[in-house]
Every structure is written in structure tokens, then in C-alpha cells.
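Give the three-dimensional model of this entry:
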Amino acid sequence: MDTMTQVLVSKRMWFTSLSVSDKTVNISGIALDEKTVADFMVRLQKSGLFSNVELKSVKRQKVENSNLKSFEIVCTKVPPKQPEQPPK
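Model prediction:
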């Protein structure tokens, strides 16, 4: 979860749901605009913890007098690197 808060585009988006399985992470949320969603996807990819970052959907969502973007992203978790064993 710490990783998610580090890659979050602060004050421009928030999560509505986050589900984690053995190999994938599904993220749903609301963003101020499409650029924020794109920036978040780039941050996920560059974190080195996720691959195949894929935008499943982005839709306009009106909240009070603001047009926001609801989104769903799916990505694959990158397995942690195993420490190298010294030669025997």
C-alpha cells in the first residue's frame, strides 16, 4: 500500500477500490482529468513493481458542478528479485 501512495498523483486523484491477487492489481478511482490518469499509469510502470499497466476504462463522471474521470487500471505485479546466492 505504501507504493500506491507514492505513485498517486497527489491532490488530483483518489482510489475508490483496490484489489490485489497473486499476479494482478486492479485499481479503480476518480481523477480530475485524463492527463492525471496517464501520469499515474506512467508512475506505476516506472515504479518497477508493476508491468503491463493497462487502462481498462475511463469515463466522464459529473460530481456536483465538476466533470471528473472515473477510471479502472489493471497491472501485473513484478515478482521481487531474489537475492543472489554467493558461489559455493
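
Just to be sure, residue 15 is in a strand?
Yes: read with DSSP: H, G, I helix; E, B strand; the rest coil, residue 15 is one of the residues of a strand.

what's near enough to touch it?
For residue 15, the contacting residues are 4, 8, 27, 28, 29, by C-beta atoms under 8 Å, 6 or more residues apart in numbering. The way it works is simple: take the backbone N, C-alpha and C, and place the C-beta from them, glycine included.

just checking, next helix/strand downstream of the lengthiest strand in the chain?
In the chain, with assignment by DSSP state E, the single longest strand is strand 50-63. Next helix or strand after strand 50-63 toward the C-terminus (DSSP states H and E): strand 66-77.

Any buried residues in that following strand, and which?
By neighbour count with 16 or more other C-beta atoms under 10 Å, strand 66-77 contains the buried residues 68, 69, 70, 71, 72, 73, 74, 75.

Now flag whichever of those is closest to residue 41.
Taking C-beta to C-beta as the measure, residue 41 sits nearest to residue 73 out of these, at 6.4 Å.

if I look at the residue nearest to the closest one when sequence neighbours are not counted, how far off is residue 86?
Spatial nearest neighbour of residue 73, chain neighbours left out: residue 27 (4.6 Å); criterion: C-beta to C-beta, 6 or more residues apart in numbering. Residue 27 is 39 Å from residue 86, where distance means C-beta to C-beta, to the nearest Å.
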